[in-house]
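In: here is the input, now give the coordinates:
(2 chains)
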Amino acid sequence: MTVKFELPPVPEFAFPGFADSCAVVIGGASGGVGSAMVQLLLHAGSSVIMVDHDEERSGDLAAALGHDVRLLPVLTDITTENGIRDLESALDRADRPVRHLVNVVGGVSRDDIGHFLHLGADQWTRALATNVTYALRTSQTVARRMIDGKRASIVNLSVTDADRSMPWFSFYGATRSALDSLTRTMAVELGPFGVRANTVSWGLIKSPRMHPARTSEGNRERDIIPLGRRGLVADVASAAMFMLSDLALYVTGQNLAVDGGLSLCGPHYEHTENIPVFLESEPARDALAGQWDSIVCPDWQRRRIQ
Amino acid sequence: MSSVTLRLGGRTALVTGAGSGIGRATAIELANAGAAVGCADVDQQSCQSCAEEITEQGGTAFSYSLDVRSAADFESVVSNLLLRTGRIDVLANVAGAITAPGPILSMRDDEFDEGLTLNLKSFVYGCRAVGTAMISGGGGSIINVSSGTVDGHAPDLGAYSIPKAGVLQLTRTLAMELGGDGVRVNTVSPGYISTSMTAAHYRNADGTVNVEQRNTVDREHSAEIPLGRPGQAREVATAVTFLASDASSYITGQIIRVNGGLAMPL
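Out: Sure, this is the predicted structure:
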């Protein structure tokens, strides 16, 4: 499903620490948090290497930003070794020192939402590639160029529930949790080089890729989120900018939740099927309920046919 | 690393402990971002000088003598600040002190009470005093400064670390209670920061700084810190200012640890 590209609105904050440097945004053309990061970085005075595999959307983003000369789009699949090589060659061409990296790519496609008993090995491989392996490779690649002792900062985006449980999203949660752990150890091992590493994790966000709610008017979200609304793309991007910026010079190894307080509350899935209450799309709920039925009563359909 | 661009123009902030250390740096940082700041401290001279420093730089500040152990003091400071600016958008609860160092087994009741009042009840007083004004103003942001002692072992600091752990729970409770009214509540937890509080470790008997001893203490602490150095008060202040601003408008009930990586609990 293709969603029309729209530039997400961002506030006019100009975060300090970007004026003479270059930032790398992995996954910038989504129209979501990545695109908001690109805008905030340019506004802060940074130049930006934006890595994305989607040529059309990358073009849309560049056009929407008036083909800013400081924006260098790199069209590649960052989950492949070719992608890492493309990133390296873009870094070679950067005319300013690279001081900031944000890994935005991640998530789970609808086909990969499923019960733990149903998910397969290929889905695990895909979850690793999409949510952790690429980010550790980009972090290594960029950090090697950051260790000249000057200030630098890496932010990995994650999800707040990764340090808890994520029924129906077990591979997603586990791979994000792996990234969170890597980030903490990166903070310790890269600290002596002046490189900070932090996580910004989001809760329920209104983004172009959110699973659409056919009939929802957002009432459910008002009930379960202490701040009473879904977050905006700009909310996550602003927090990531804080962590990247010189406002957070003594912050490393931390995980900042941008979730309207949702992580303060109890589990937000319903016993016993454990379907998350925020999954409001009826087809998606129906699909999970169908999986559940087939686990509870494997020959249910066969018996019904007879 | 000024947070001048975080756009707090037209807003009013109250900062406790504004006379020195993290409180003073916070008052100045909030003023740099455009806020009018009520600078409160038990030491009238020191908060006066903080307010003067802000106004000399072209900012707006008011000085308040405030004993945070008194709920009545808080109420009167808040009503005066409301008279002057008509609103309170930000409260930074920074004031606190290490008192009665020593093991729990030999701590007297009055010593523990003093620590509780200074480092926890005072935070409740502050939040209560501003809460109503924030709700009627359509929202606000409260930042409670806790301590790195809550993340690890802090023997002989019970009168400080136990109340500071309570500050985390106060933050979470208030975040839930006030979220629907648009009031966000968060904690900033500083690690080893160079302030007059940590300076207690390297003062000479006459109060002057023992430089050699300071460097030794800093080196010992730094060896455990991934960033390899003590933090500066201003580095805590920029985190407080971020939480005060709309750049954090979807963040509530959270802890930002400004500790150079010293502790990173889940």
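
In: residue numbers of the stretch 201-306 of chain A in contact with chain B?
Out: Selection of the stretch 201-306 of chain A residues close to chain B by C-beta under 8 Å from any C-beta of the partner chain yields A:225-228, A:231-232, A:235-236, A:238-239, A:241-242, A:245-261, A:263-265. Where you see a C-beta, it was placed from the backbone N, CA and C, and this is true even at glycine.

In: can you pull the contacts of residue A:12?
Out: Under the criterion of C-beta atoms under 8 Å, 6 or more residues apart in numbering or on different chains, the neighbours of residue A:12 are A:43, B:7.

In: ok, residue 144 - how many residues close by?
Out: In the absence of a named chain, this looks at chain A. Residue neighbour count, defined by other C-beta atoms under 10 Å in any protein chain shown, stands at 11 for residue A:144.

In: wrong chain, I was asking about chain B
Out: By the other C-beta under 10 Å criterion, the neighbourhood of residue B:144 contains 28 residues.

In: now the strands for the stretch 51-200 of chain B?
Out: Remark: strands assigned in the stretch 51-200 of chain B by DSSP state E, counting those that start in this stretch are B:61-65, B:90-93, B:140-145, B:183-190, B:193-194.

In: and the first one, what's its mean pLDDT?
Out: Think strand B:61-65. Model confidence over strand B:61-65 averages 98 on the pLDDT scale.

In: show me what counts as buried in that strand.
Out: Using 16 or more other C-beta atoms under 10 Å in any protein chain shown as the test for burial, strand B:61-65 gives B:61, B:62, B:63, B:64.

In: tally of neighbours for the closest residue in space to the third one that isn't next to it in sequence?
Out: Across the structure, with C-beta to C-beta, 6 or more residues apart in numbering or on different chains as the measure, the residue nearest residue B:63 apart from its sequence neighbours is residue B:51 (4.0 Å). The number of residues packed around residue B:51, counting by other C-beta under 10 Å, is 25.

In: re earlier: pull out the buried residues from the residues of the stretch 201-306 of chain A next to chain B.
Out: For those, a neighbour count by 16+ other C-beta under 10 Å gives the buried set as A:225-228, A:231-232, A:235-236, A:238-239, A:241-242, A:245-261, A:263-264.

In: let's see which of those end up in helices.
Out: Counting by DSSP state H, those place A:235, A:236, A:238, A:239, A:241, A:242 in helices.

In: can I get those in TSV with pLDDT?
Out: As requested, those are arranged in TSV below (pLDDT from 0 to 100):
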residue	pLDDT
A:235	97
A:236	97
A:238	97
A:239	98
A:241	98
A:242	98
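
In: out of the strands of the stretch 51-200 of chain B, which one sits most buried?
Out: Mean neighbour count (mean count of other C-beta atoms under 10 Å in any protein chain shown) peaks for strand B:90-93 among the strands of the stretch 51-200 of chain B, with a mean of 30.

In: contacts (any at all) between chain A and it?
Out: No - Strand B:90-93 stays out of contact with chain A when judged by C-beta under 8 Å from any C-beta, the minimum separation being 15.2 Å.

In: from the ones in helices among the buried ones among the residues of the stretch 201-306 of chain A next to chain B, which is closest to residue A:269?
Out: Distance to residue A:269 across those (C-beta to C-beta) is lowest for residue A:236, with 22.2 Å.

In: just checking, the closest one touches residue A:204?
Out: No - using C-beta atoms under 8 Å, residue A:236 is not in contact with residue A:204; the gap is 11.0 Å.

In: is it true that residue A:95 lies in a strand?
Out: No - per DSSP: H, G, I helix; E, B strand; the rest coil, residue A:95 lies outside any strand segment and is coil.

In: does it touch residue A:47 like I think?
Out: Yes - Residue A:95 is within contact range of residue A:47, at 7.4 Å (criterion: C-beta under 8 Å).

In: give me the more crowded residue out of these two.
Out: Counting neighbours by other C-beta under 10 Å for residue A:95 and for residue A:47 shows that residue A:47 has the greater number, 20 against 8.

In: mind listing the shared neighbours of residue A:95 and residue A:47?
Out: Jointly contacting residue A:95 and residue A:47 under the rule C-beta under 8 Å, 6+ apart are residue A:22.

In: check contacts around residue B:147.
Out: Going by C-beta under 8 Å, 6+ apart, residue B:147 touches B:96, B:160, B:161, B:164, B:189, B:190.

In: if we go to 10 Å?
Out: In this structure, residue B:147 makes contact with B:96, B:98, B:119, B:154, B:157, B:160-161, B:163-165, B:167-168, B:187-191, B:193, B:197, B:259, judged by C-beta atoms under 10 Å, 6 or more residues apart in numbering or on different chains.

In: with adjacent residues omitted, what lies nearest to the residue of the stretch 1-150 of chain A found nearest chain B?
Out: Per C-beta to the nearest C-beta, residue A:14 is where the stretch 1-150 of chain A lies closest to chain B, at 3.9 Å. Excluding the flanking residues, the one nearest residue A:14 by C-beta to C-beta, 6+ apart is residue B:5, at 3.9 Å.

In: for the one you found, give its distance to residue A:12.
Out: 8 Å (C-beta to C-beta, to the nearest Å).

In: which neighbours do these two have in common?
Out: Between them, residue B:5 and residue A:12 share the contacting residues residue A:43, judged by C-beta under 10 Å, 6+ apart.

In: can I assume residue A:176 is in contact with residue A:164?
Out: No - Residue A:176 lies out of contact with residue A:164 (C-beta atoms under 10 Å); the separation is 11.1 Å.

In: what sits against residue A:194?
Out: By C-beta under 10 Å, 6+ apart, the contact set of residue A:194 is A:99, A:146, A:147, A:148, A:149, A:150, A:151, A:152, A:153, A:249, B:227, B:228.

In: for these, give me a markdown table that also has pLDDT and distance to residue B:15.
Out: Conversion of those to a markdown table gives the following (pLDDT from 0 to 100; distance: C-beta to C-beta, whole Å):
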| residue | pLDDT | distance to residue B:15 |
| --- | --- | --- |
| A:99 | 97 | 31 |
| A:146 | 96 | 35 |
| A:147 | 90 | 38 |
| A:148 | 85 | 37 |
| A:149 | 71 | 34 |
| A:150 | 85 | 32 |
| A:151 | 93 | 27 |
| A:152 | 98 | 31 |
| A:153 | 98 | 27 |
| A:249 | 98 | 21 |
| B:227 | 96 | 26 |
| B:228 | 96 | 30 |
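
In: can you show me the helices along chain A?
Out: Ranges of helices in chain A, per DSSP H, are A:33-43, A:55-64, A:81-93, A:121-128, A:134-143, A:170-190, A:219-224, A:233-244, A:282-296, A:300-305.

In: please produce JSON lines containing these, extended by distance to residue B:178.
Out: Compiled in JSON lines, the helices of chain A are given as follows (distance: least, C-beta to C-beta, whole Å):
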{"stretch": "helix A:33-43", "distance to residue B:178": "27"}
{"stretch": "helix A:55-64", "distance to residue B:178": "38"}
{"stretch": "helix A:81-93", "distance to residue B:178": "44"}
{"stretch": "helix A:121-128", "distance to residue B:178": "37"}
{"stretch": "helix A:134-143", "distance to residue B:178": "35"}
{"stretch": "helix A:170-190", "distance to residue B:178": "29"}
{"stretch": "helix A:219-224", "distance to residue B:178": "16"}
{"stretch": "helix A:233-244", "distance to residue B:178": "18"}
{"stretch": "helix A:282-296", "distance to residue B:178": "32"}
{"stretch": "helix A:300-305", "distance to residue B:178": "48"}
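
In: how about the helices in the stretch 101-250 of chain B?
Out: Residue ranges of the helices in the stretch 101-250 of chain B, as given by DSSP state H, counting those that start in this stretch, are B:109-116, B:122-136, B:158-178, B:211-222, B:233-244.

In: what's the closest of those helices to residue B:255?
Out: Proximity to residue B:255, assessed across the helices of the stretch 101-250 of chain B by C-beta to C-beta, is greatest for helix B:158-178 (6.6 Å).

In: burial check on the closest residue to chain B within the stretch 51-200 of chain A, number of neighbours?
Out: Shortest the stretch 51-200 of chain A-to-chain B distance, computed as C-beta to the nearest C-beta: residue-wise this is residue A:191, at 3.1 Å. Other residues near residue A:191 number 20, with proximity taken as other C-beta under 10 Å.
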